[in-house]
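S.K.: no FASTA, just this:
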């Protein structure tokens, strides 16, 4: 459709090439005259009853042709070489409707610029989503649903890998676009902000792990001393540590110290 037997200008040839690169399939669908009311009435406001029935029937055929489900299964919709979902396609259509609501038809470059802007926004959002999805997968859970600890070195290694993947996706998607500005820096800042929230989770998990270790050491030491004090032996006192640790795991440090002090005092008094 965009081929020409004439010798087009460089601008026209470039425009044809850019339009061709935006779609993997370009077809035409001819529509009849929309009716006399539309053609002669200068105050026509888009009222559907004023549009000829013949035209409306063909519009119905056109919409079914474009959005036919079996066709979409075989041939995913692409705009600017990128796959688009049904929701994204709706956004494109709404944008095109707004363009054609004026008194004059938009120039082809204007349409192309709008398409590239929407495609660039999609590439940006997809890159952010890719990074976030990949990073979420490094946080696994145990059988009780608790998040497993993620080591800091592993977190940073995954972050650098997934950040690069997201940046590459954005650059590959936008490499052929003529954009007013490069948003690579904005994308990196956006991802680093998300990374900061993930890193905060990592730090919390590590802190909780360290607190549990200190708690076990505290309980073991206290029970060992209590065992010596009442003459039951250090081994017997330490043997009770796992059960006691589980019991006090939900307490604050102050509550634990107070409980162990009272426990030790009671045992010594009983002696």
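M.R.: Everything's here; your move. Note that this is a predicted model, so its numbers are computed, not measured.
S.K.: tell me the mean pLDDT over the helix or strand encompassing residue 198?
M.R.: If you go by DSSP states H and E, residue 198 is part of helix 184-230. The pLDDT scores in helix 184-230 average 76.
S.K.: Surely residue 39 touches residue 33?
M.R.: Yes: using CB atoms under 8 Å, residue 39 is in contact with residue 33, at 6.5 Å. Bear in mind the C-beta positions are built from the backbone N, C-alpha and C, glycine included.
S.K.: quick one: low-confidence ranges for the stretch 51-200 of the chain?
M.R.: In the predicted model of the stretch 51-200 of the chain, residues 68-75, 80-81, 108-109 satisfy pLDDT under 70.
S.K.: what about 50?
M.R.: Under the criterion pLDDT under 50, the flagged ranges of the stretch 51-200 of the chain are 72.
S.K.: For residue 121, give its distance to residue 67.
M.R.: 22 Å (CB to CB, to the nearest Å).
S.K.: Need the pLDDT of residue 254.
M.R.: Per-residue confidence (pLDDT) for residue 254: 62.
S.K.: Residue 268 now?
M.R.: Looking at residue 268, its pLDDT reads 56.
S.K.: cool, residue 259 as well?
M.R.: Predicted confidence (pLDDT) for residue 259: 63.
S.K.: wait, what's in contact with residue 51?
M.R.: Contact analysis of residue 51 by CB atoms under 8 Å, 6 or more residues apart in numbering lists 34, 35, 37, 38.
S.K.: export those to JSON lines and tack on pLDDT and secondary structure?
M.R.: Shown next, in JSON lines, are the contacts of residue 51 (pLDDT from 0 to 100; DSSP: H, G, I helix; E, B strand; the rest coil):
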{"residue": "34", "pLDDT": "90", "secondary structure": "coil"}
{"residue": "35", "pLDDT": "87", "secondary structure": "coil"}
{"residue": "37", "pLDDT": "84", "secondary structure": "helix"}
{"residue": "38", "pLDDT": "86", "secondary structure": "helix"}
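S.K.: ok, those vs residue 205, which is closest?
M.R.: Of all the contacts of residue 51, the one with the least separation from residue 205 (CB to CB) is residue 34, at 63.8 Å.
S.K.: Look up the closest residue to that closest one, ignoring the ones flanking it.
M.R.: residue 55 (4.4 Å; CB to CB, 6 or more residues apart in numbering).
S.K.: So the one you found sits against residue 36, correct?
M.R.: No: if you go by CB under 8 Å, residue 55 and residue 36 don't touch, sitting 10.9 Å apart.
S.K.: who's more crowded, the two?
M.R.: Higher neighbour count among residue 55 and residue 36: residue 55, with 15 against 10, using other CB atoms under 10 Å.
S.K.: and that one, helix, strand or coil?
M.R.: Following DSSP: H, G, I helix; E, B strand; the rest coil, the label given to residue 55 is helix.
S.K.: Next: residue 30.
M.R.: coil.
S.K.: State the distance from it to residue 46.
M.R.: For residue 30, the distance to residue 46 equals 21 Å [CB to CB].
S.K.: Much appreciated, bye for now.
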